[in-house]
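Colleague: no letters, just coordinates:
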């Protein structure tokens, strides 16, 4: 099996990080807070990837399942036009409030709406179409999130899913913890790649990002 990643080193990754534009104040602060407080925010490479995807599909409406304190929302939000909208789902009130505060500080032209309830309760109540959906919440519910999000996505819209390598536990490059989340990620990965509603792949970006285009 040919895989260019076999030749990529830490030096290569540091080089790529160094030639990118440095994080602005709000993103830099949230990245630091997420690490310090052990809040699950996406890696910087995943954030950059999301912004490019949002721009590539000309996203005007984005659905985010798992907003936390708004880090990934700021990445995609930075590609939205004035008058666009990001609809987030974050059941933790304190985190949802911080996401709103961070969005205001970033002074984005798009609107942020955060629903403070479990995603499986919110999804049936939402109205599409959305151009992009990003999934990064409870791993055991990934399959149900996908089923809830796809009907809301326009044809040709994109769904992105984070943590599909699950820190090496999905592939076995790290010891299998036999946890429910690990088993769920493995089931989801197989299902995601074979879902006939999507043209899909899983990319070795960050902790593994699934990318699918709705047929």
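Modeller: Cool, the structure landed. Worth saying up front: this structure is predicted, and the values here are computed from it rather than measured.
Colleague: please make it C-alpha for all contacts and neighbour counts, starting now.
Modeller: Noted.
Colleague: doesn't residue 71 make contact with residue 98?
Modeller: No: Residue 98 is not in contact with residue 71 according to C-alpha atoms under 8 Å; the separation is 10.1 Å.
Colleague: among these two, which residue is more densely surrounded?
Modeller: The neighbour comparison of residue 98 against residue 71 (other C-alpha atoms under 10 Å) goes to residue 71, with 26 against 15.
Colleague: gap between the top strand by length along the chain and the chain center?
Modeller: Secondary structure of the chain per DSSP state E: the longest strand is strand 153-161. Put simply, strand 153-161 sits 12 Å off its chain's centre (C-alpha atoms, centre = their mean, to the nearest Å).
Colleague: before we move on, what about stretch 197-208?
Modeller: The gap between where stretch 197-208 is centred and where its chain is centred comes out at 11 Å by C-alpha atoms, centre = their mean.
Colleague: and the end-to-end length of it?
Modeller: Stretch 197-208 has an end-to-end distance of 21 Å (criterion: C-alpha to C-alpha, to the nearest Å).
Colleague: so which other helices or strands are in contact with the helix or strand of the chain with the lowest mean pLDDT?
Modeller: In the chain, no helix or strand scores lower on mean pLDDT, DSSP states H and E than helix 25-37, which sits at a mean of 84. When contacts are defined as 3 or more C-alpha pairs under 8 Å, 6 or more residues apart in numbering; DSSP states H and E, helix 25-37 packs onto helix 71-77, helix 93-106.
Colleague: go with 10 Å
Modeller: helix 44-56, helix 71-77, helix 93-106 (3 or more C-alpha pairs under 10 Å, 6 or more residues apart in numbering; DSSP states H and E).
Colleague: and those: which comes nearest residue 184?
Modeller: Set against residue 184 and scored by C-alpha to C-alpha, the helices and strands packed on helix 25-37 come closest in helix 44-56, at 21.1 Å.
Colleague: and the closest one with helix 25-37, angle?
Modeller: On the basis of axes from the mean of the first three to the mean of the last three C-alpha atoms, to 10 degrees, helix 44-56 is oriented at 140 degrees to helix 25-37.
Colleague: same for helix 44-56, what does it pack against?
Modeller: Counting by 3+ C-alpha pairs under 10 Å, 6+ apart, helix 44-56 packs on helix 10-19, helix 25-37, helix 71-77, strand 130-135, strand 153-161, strand 209-214.
Colleague: quick one: average confidence on whatever helix or strand comes next after that helix?
Modeller: Per DSSP states H and E, the first helix or strand lying C-terminal to helix 44-56 is strand 61-65. Across strand 61-65, the average pLDDT comes to 98.
Colleague: who does the longest strand of the chain pair up with?
Modeller: When sheet partners are counted by DSSP bridges, strand 153-161 sits next to strand 130-135 (parallel), strand 209-214 (antiparallel).
Colleague: could you identify which of those is most buried?
Modeller: strand 130-135 (a mean of 25; mean count of other C-alpha atoms under 10 Å).
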